[in-house]
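Q: got a structure for you, letters missing:
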Ligand code: PAF
């Protein structure tokens, strides 16, 4: 089964308006391509909940604060179209850079607060680029629902805040992280890991799980939970942890005492590859 690919904004709009006119609900799955099983779940969920599903594939330059990361990002459009078709997408929107940014952009969306810690601190400008391109995609594809993965929990919190503050008429749907059998979160970046790096990439998952165990066992001082997690990283000399933070799940601000469900999020580098992941943890006798 093949899925049409639109490269022009006018084309995708016309097809979406036509689907709307037929009374179909529109589901949007924004991606940067290099699709894997994690994206597969987003598309399947969108397929189950909408009459017409659009997958977008665009490697957005303005969200990369590191030019070499942008250059190295995998680009696999033919495979992505076949993958989207197999999961039941109705349309792939794959615009060129010229189509998305025909002139120098003067308008950016900054989501204060939620975008500042963690990824915001380590990748300055990243969430400004994400919020801006997602707002553009929401305007280009007038969808009822948009699907995002829990693996990028801070990204989703930023988009949630933007949707609320700017009254975008769209429902955001969060889809659970998909993991390899050993626990590694699926990511487009995993395909850049060498064999030894693939083994060591597990450090992040193990550190997050160590932290989660301690939170769920009742340890309430964030600093000591974090120290236990960092001890896991020290067993993997080849990895460079960037941060491991314990935050409130909506506002993404670090907490000192854990008395309610928290998100534990981390980032590390293994070789040239940067990985992120997170888990939710609920302390015993949680106050919420
Ligand atoms: O999560 C991603 O793949 C990207 O950040 C997104 C949401 C498609 C924006 O470019």
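A: Noted; the coordinates are in hand. Treat the numbers as computed from the prediction; the structure is a model and nothing was measured.
Q: what's the pLDDT at whichever residue of the stretch 151-288 of the chain sits closest to the ligand?
A: Using C-beta to the nearest ligand atom, the closest approach of the stretch 151-288 of the chain to the ligand is made by residue 152 at 5.2 Å. (Each C-beta comes from the backbone N, C-alpha and C, glycine too.) pLDDT for residue 152: 98.
Q: strands along this protein, start to end?
A: Per DSSP state E, the chain carries strands over the ranges 5-6, 26-31, 52-57, 91-93, 145-149, 171-175, 239-247, 262-270, 273-281.
Q: can you redo these as TSV with distance to the ligand and mean pLDDT?
A: Below are these laid out as TSV (distance: least, C-beta to the nearest ligand atom, whole Å; pLDDT from 0 to 100):
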stretch	distance to the ligand	mean pLDDT
strand 5-6	16	98
strand 26-31	4	98
strand 52-57	7	98
strand 91-93	11	98
strand 145-149	7	99
strand 171-175	11	98
strand 239-247	18	98
strand 262-270	14	98
strand 273-281	11	97
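Q: any chance of those in CSV, with distance to residue 218 and mean neighbour count too?
A: Output for the strands of the chain, formatted as CSV (distance: least, C-beta to C-beta, whole Å; neighbours: other C-beta atoms under 10 Å):
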stretch, distance to residue 218, mean neighbour count
strand 5-6, 52, 20
strand 26-31, 39, 26
strand 52-57, 43, 26
strand 91-93, 48, 24
strand 145-149, 30, 23
strand 171-175, 27, 16
strand 239-247, 14, 20
strand 262-270, 13, 23
strand 273-281, 11, 21
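Q: who is the nearest residue to residue 56 once chain neighbours are set aside paired with across the strands?
A: Residue nearest to residue 56 in three dimensions, not counting chain neighbours: residue 93, with 4.5 Å by C-beta to C-beta, 6 or more residues apart in numbering. According to DSSP bridges, the partner residues bridging residue 93 are residue 6, residue 56.
Q: which phi and psi values does the spatially closest residue to residue 77 that is not a sequence neighbour adopt?
A: Nearest residue to residue 77, sequence neighbours excluded (C-beta to C-beta, 6+ apart): residue 94, at 5.8 Å. Recorded main-chain torsions at residue 94 are phi -130, psi 80, according to degrees, to the nearest 10.
Q: going forward, count from 13.
A: Sounds good: first residue 13 from here, last item residue 106.
Q: next, count neighbours for residue 106.
A: Residue 106 has 18 neighbouring residues, counting by other C-beta atoms under 10 Å.
Q: one step back: what would the strands of the chain look like in TSV with distance to residue 168?
A: Conversion of the strands of the chain to TSV gives the following (distance: least, C-beta to C-beta, whole Å):
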stretch	distance to residue 168
strand 17-18	25
strand 38-43	11
strand 64-69	16
strand 103-105	20
strand 157-161	5
strand 183-187	6
strand 251-259	13
strand 274-282	11
strand 285-293	10
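Q: what residues does the stretch 113-262 of the chain put near the ligand?
A: 142, 145-146, 164, 167 (C-beta under 6 Å from any ligand atom).
Q: so of those, which two are at opposite extremes in space?
A: Largest separation among these by C-beta to C-beta: 145 and 164, giving 13.5 Å.
Q: out of the strands of the chain, flag the one nearest residue 227.
A: strand 285-293 (3.9 Å).
Q: and the angle for that closest one with strand 251-259?
A: Counting by axes from the mean of the first three to the mean of the last three C-alpha atoms, to 10 degrees, strand 285-293 lies at 30 degrees to strand 251-259.
Q: got a list of contacts for strand 285-293?
A: 81, 131, 162-166, 189, 197, 199, 201-202, 204-205, 209, 213, 216-217, 220-221, 223-224, 227-228, 254, 261, 270, 273-281 (C-beta atoms under 8 Å, 6 or more residues apart in numbering).
Q: give the buried subset of those as a ChimeraX selection command.
A: To isolate the buried ones among the contacts of strand 285-293 in ChimeraX, judged by 16 or more other C-beta atoms under 10 Å, type:
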select :131,162,163,164,165,166,189,197,199,201,202,204,205,209,213,216,217,220,221,223,224,227,254,261,270,274,275,276,277,278,279,280
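Q: filter the contacts of strand 285-293 down to the ones in helices?
A: The members of the contacts of strand 285-293 that map onto helices under DSSP state H are 81, 131, 165-166, 209, 216-217, 220-221, 223-224, 227-228.
Q: how about those residues in CSV, adding distance to residue 179?
A: As requested, the ones in helices among the contacts of strand 285-293 are arranged in CSV below (distance: C-beta to C-beta, whole Å):
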residue, distance to residue 179
81, 33
131, 25
165, 23
166, 22
209, 44
216, 36
217, 37
220, 35
221, 39
223, 36
224, 35
227, 35
228, 38
